[in-house]
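K.L.:
Pasting the sequence and the predicted coordinates here, then a few questions.
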Amino acid sequence: MQQSKISSRDIEVPETTTSVYDAIFRRRMSKEFTDERVSDEALNRLFDAAIWAPNHRLTEPTRFFVLREGSQIRARVAEMGAEVAAKKVVNPNPEQRRRSAEASRRRVLDAPALVYVYSVPGDSEEVTRENYATACCAVQNMALAAVAEGLCLDWSTGGVTQHPDLAATLGAESDWMMVGAMFLGAPKTAPTSRRSPQSQVVSWLA
């Protein structure tokens, strides 16, 4: 039986000293994590934030798959990523293929937390685009909430998302759109980045 909807008036907002602007400006992606475990409680708070992403028509299209540490499915997905990584190496050197495959395998196996995100298509091209936008906003919500948890989210759409058997392995429908693999953990170092000033991209029209 389908559960009743959650009202925005009844949300228990987690206590945090991280402001919205803190989260926006401190959010970075990192591929280097400590060995610190990401708790289920922290992940659930991130998912709570994710489902409140902007969602035109309230289609609720985002689907999440959490791959437990040490699980058989995480091991299978790691091999899939390694297979794709090896095939993408242009250099015919077998050692280079081996290194690339192993790096992909270790990235999946060693991530403190790993979540795959899909978007469910709509009944028209317009709704499908809107649904994908919602799923991307959901990931951004997760990334911002991760800052408040002392975590970093690395959003990947690379080889670890591209194996033809991945959807079936995870239990996703074949027509669902891949949004990405989310690697989460406490970053080893505080990552930085650079952006052009907003004055270069904003046009004020009178």
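P.N.:
All right, it came through fine.
K.L.:
which residues does residue 117 contact?
P.N.:
62-65, 135, 138-139, 178-182 (C-beta atoms under 8 Å, 6 or more residues apart in numbering). Using the backbone N, CA and C atoms, a C-beta is placed for each residue, glycine as well.
K.L.:
actually residue 8, not the one I typed
P.N.:
Per C-beta under 8 Å, 6+ apart, neighbours of residue 8: residue 52.
K.L.:
Which secondary structure state does residue 109 sit in?
P.N.:
helix (DSSP: H, G, I helix; E, B strand; the rest coil).
K.L.:
cool, and residue 181?
P.N.:
strand.
K.L.:
That one pairs with what?
P.N.:
residue 116, residue 156 (DSSP bridges).
K.L.:
again, but for the one 4 residues further on
P.N.:
With beta bridges defined as DSSP bridges, residue 185 has these partners: residue 152.
K.L.:
How many residues are close by it?
P.N.:
Close neighbours of residue 185, defined as other C-beta atoms under 10 Å, add up to 25.
K.L.:
Repeat that for residue 10.
P.N.:
Around residue 10 there are 6 other residues, counting by other C-beta under 10 Å.
K.L.:
Tell me who's in contact with it.
P.N.:
Counting by C-beta under 8 Å, 6+ apart, residue 10 has no contacts.
K.L.:
how near is it to residue 183?
P.N.:
To residue 183, residue 10 is 32 Å away according to C-beta to C-beta, to the nearest Å.
K.L.:
what about the strands in the chain?
P.N.:
62-66, 113-119, 152-156, 177-185 (DSSP state E).
K.L.:
how much does the third one deviate in direction from strand 177-185?
P.N.:
Meaning strand 152-156. Using axes from the mean of the first three to the mean of the last three C-alpha atoms, to 10 degrees, the inter-axis angle of strand 152-156 relative to strand 177-185 is 150 degrees.
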